[in-house]
Structures are given as C-alpha cells and as structure tokens.
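Engineer: Build me a model from this:
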Amino acid sequence: MINSSQVSYFTFGAYFELGLLKYFVFVIIMSLYILILCSNLLLIVVICVNRSLHEPMYMFLCSLFVNELYGSTGLFPLLLLQILSDIHTVSASFCYLQIFCLYTYANVQFYNLAVMSYDRYLAICCPLQYNTRMTANKITFLIAVTWLFPLLAIVVMISLNSSLQLCGNLIDRLFCDNYSVVKLTCSDTTVNNIYGLIYTFTIIAVLPTVIFYTYIKILKVCFSGSKQTRQKAASTCTPHLLSLLNFSFGCIFEVVQSRFDMSHTPIIVRIFLSLYFLTCQPLFNPLMYGLNLTKIRIVCKSLVFGKM
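Structural biologist: Have a look, this model is predicted:
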C-alpha cells in the first residue's frame with residue numbers, strides 16, 4: 001500500500017493508438033483551442049475597451065469569458081501533449097493541479113450563471129431600482145464571491161484527497177478527474193465523502209434555487225407586461241437560458257461518464273462525453289452572446305471590419 005505522496009505519476013487509460021491519424025486529431029483539437037482563445041479574448045477586449053459596455057450584465061459576462069479561458073487552458077495543453085505522446089502519463093503534482101483548474105472552472109461557471117440570472121431578474125422585474133440596487137460595490141462583491149468561494153472549496157477538497165493512500169495510478173479518462181483518483185484509494189474516505197456531500201448539497205440548495213426563483217419572477221413579468229417588456233426579456237435572457245441548458249447537458253454527461261460503467265460504450269462516445277463539458281461551453285457562449293446581444297455585436301463588427 002502506498003500513499004499519494006509516493007505516487008510520482010498517473011497513467012491515462014482512455015487513450016488508444018491512432019497511428020498517423022493522431023496528427024489530424026491534434027490539428028482539430030488545436031484549432032478548437034485557438035477558436036476558444038480568440039473568441040473569448042475578443043469579447044473580453046470588446047467589453048473592457050468600450051465604455052458603453054461597462055454595465056453589470058457585461059461585467060458578469062466578462063467574468064464568464066475569463067473563466068472559460070482559464071478552464072480551457074487547464075485542459076487543452078495537456079490533452080494536446082497526450083495526443084502526440086506514446087506514453088500517456090502525467091506527474092502526480094500536475095494531475096492535482098489540473099483537477100484544481102477543471103473543478104474550479106466548473107464551479108465558477110455555475111456561480112457565474114446564477115449571478116447573471118439574478119442580474120437579469122433585477123433588470124426586468126425592478127427596472128427603476130436597478131441602478132441603485134446593482135451598484136459597483138455589489139458587482140465587485142458578487143464577482144469576488146463567484147471566484148473566491150469555489151477556489152477555497154476546491155483547495156480544501158484537493159488537500160483532503162492528496163492525503164489519501166492509493167493502491168494504483170491508472171486513471172481511465174483523457175484527463176485528471178477527482179472521482180477517478182479517489183477510486184484508487186485504499187484508505188478511509190469518510191471525511192472526503194462528508195465534505196463532498198455538504199458542499200454539493202450547498203451548491204444544489206442555493207444556486208438552482210436562485211436561478212429558478214429569478215426566472216419564475218421574470219416569466220410572471222413577461223406574461224403580465226407589455227410587448228416591449230417581453231422583447232427585452234427575450235433578447236437578454238435567451239442566451240443565458242441556452243447557456244444554462246448547455247451547462248446542464250455538460251454536467252449530466254460528466255456524471256454519466258464518471259459514475260457509471262462505460263466500458264461497453266464505443267470509445268468515440270466516451271471521448272465525446274468527456275470533452276463536451278470542457279469544450280462546448282467555451283465555444284458556445286461567445287458565439288451565443290456575441291450574436292444575440294446587440295451592443296456586443298455592433299462593437300465586434302466595428303473592431304473586426306472597421307467603422308463604416
């Protein structure tokens with residue numbers, strides 16, 4: 001029996017021999033990563049540079065795009081290296097670092113979407129009080145909570161898991177995953193399980209409640225309001241709802257991939273389920289918000305094509 005401090009590396013078991021096809025896969029994955037970097041960076045620059053976009057909704061969007069750059073960088077560089085490599089291993093310290101990056105990305109994304117739903121609720125249901133209730137200090141506080149609380153929670157989780165004794169080092173995934181590492185343990189995981197349940201219950205109890213409550217209020221205003229109110233709600237809430245739906249699909253795929261036996265599933269399906277959560281959200285959000293929000297669309301056109 002060895003503990004995690006004695007495990008110098010982990011081996012990924014989900015990769016398979018591609019032959020010369022690995023260079024084609026590398027180019028495809030690299031293209032996706034470049035597209036994610038460029039699209040998210042473009043919208044971050046657009047929001048930061050243009051003063052007309054220095055509004056609460058766009059500040060929260062900027063936080064969302066920064067998080068997507070962070071999460072993508074936690075996945076793609078190592079993934080690209082593994083595709084070209086013949087020996088699919090990673091050091092233990094780097095594996096825990098990747099777990100930290102990917103789990104904080106997922107948590108910050110959820111917090112961000114909840115805060116954005118609260119912002120839309122104030123804008124649509126309390127338009128006259130919006131500027132007084134969504135102050136600069138409140139925006140700063142919400143963004144700080146969105147980032148700091150998940151970071152601290154995942155630091156505690158990694159600290160608990162890194163002290164576990166492990167009986168192996170084979171991870172049946174394309175990247176490091178906390179659940180896969182914990183499955184290798186030979187020691188008692190009661191404390192880890194209790195902490196995980198408490199944190200998961202806290203998230204499930206608070207964040208979905210905020211989202212459901214805000215959208216019930218928004219729907220009530222839409223049904224009882226004017227046509228202009230309904231149009232405003234549709235234009236600003238549609239991208240957010242689609243992003244929530246995409247995020248939910250990603251969470252479901254990740255749970256299915258991690259918690260259930262997928263050995264009889266075709267390897268291509270398993271790879272798709274593994275990468276959906278960490279690829280489609282960073283690709284989907286810039287496209288959705290960039291096309292649907294008029295202010296962002298106009299500024300992007302002026303930056304890319306020049307002012308008419």
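
Engineer: Now the residue most central in space within the chain: which helix or strand?
Structural biologist: For the chain, Ala106 is the residue whose C-alpha lies nearest the centre (CA atoms, centre = their mean; 3.8 Å). According to DSSP states H and E, Ala106 maps onto helix 92-125.

Engineer: Who are the packing partners of the following helix or strand past that helix?
Structural biologist: Counting by DSSP H and E, the next helix or strand C-terminal to helix 92-125 is helix 130-133. On a contact count with 3 or more CB pairs under 8 Å, 6 or more residues apart in numbering; DSSP states H and E, helix 130-133 meets helix 92-125. Using the backbone N, CA and C atoms, a C-beta is placed for each residue, glycine as well.

Engineer: ok, back up a step: for the residue nearest to the centre of the chain, list the residues it contacts.
Structural biologist: For Ala106, the contact set (CB atoms under 8 Å, 6 or more residues apart in numbering) comprises 71, 251, 254, 277.

Engineer: For Asn137, see how far away it is.
Structural biologist: Remark: distance between Ala106 and Asn137 (CB to CB, to the nearest Å) = 28 Å.

Engineer: cool, and Thr146?
Structural biologist: Per CB to CB, Thr146 is found 15 Å from Asn137.

Engineer: quick one: which of these two has more around it?
Structural biologist: Thr146 (24 against 8; other CB atoms under 10 Å).

Engineer: ok, now how distant is the more buried one from Ile271?
Structural biologist: In this view, Thr146 and Ile271 are 30 Å apart by CB to CB.

Engineer: Repeat that for Val181.
Structural biologist: Distance of Val181 to Ile271, given as CB to CB: 20 Å.

Engineer: neighbour count winner among the two?
Structural biologist: Just comparing Val181 and Ile271: by other CB under 10 Å the higher neighbour count belongs to Val181, 24 against 17.

Engineer: tell me the contacts of the closest residue to the more buried one other than its chain neighbours?
Structural biologist: Of all residues not flanking Val181 in the chain, Asn161 sits nearest, at 6.3 Å (CB to CB, 6 or more residues apart in numbering). Residues counted as contacts of Asn161 (CB under 8 Å, 6+ apart) are 4, 96, 178, 181-182, 192.

Engineer: need these in a markdown table with secondary structure, can you?
Structural biologist: As requested, the contacts of Asn161 are exported to a markdown table (DSSP: H, G, I helix; E, B strand; the rest coil):
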| residue | secondary structure |
| --- | --- |
| Ser4 | helix |
| Tyr96 | helix |
| Asn178 | helix |
| Val181 | helix |
| Val182 | helix |
| Asn192 | helix |
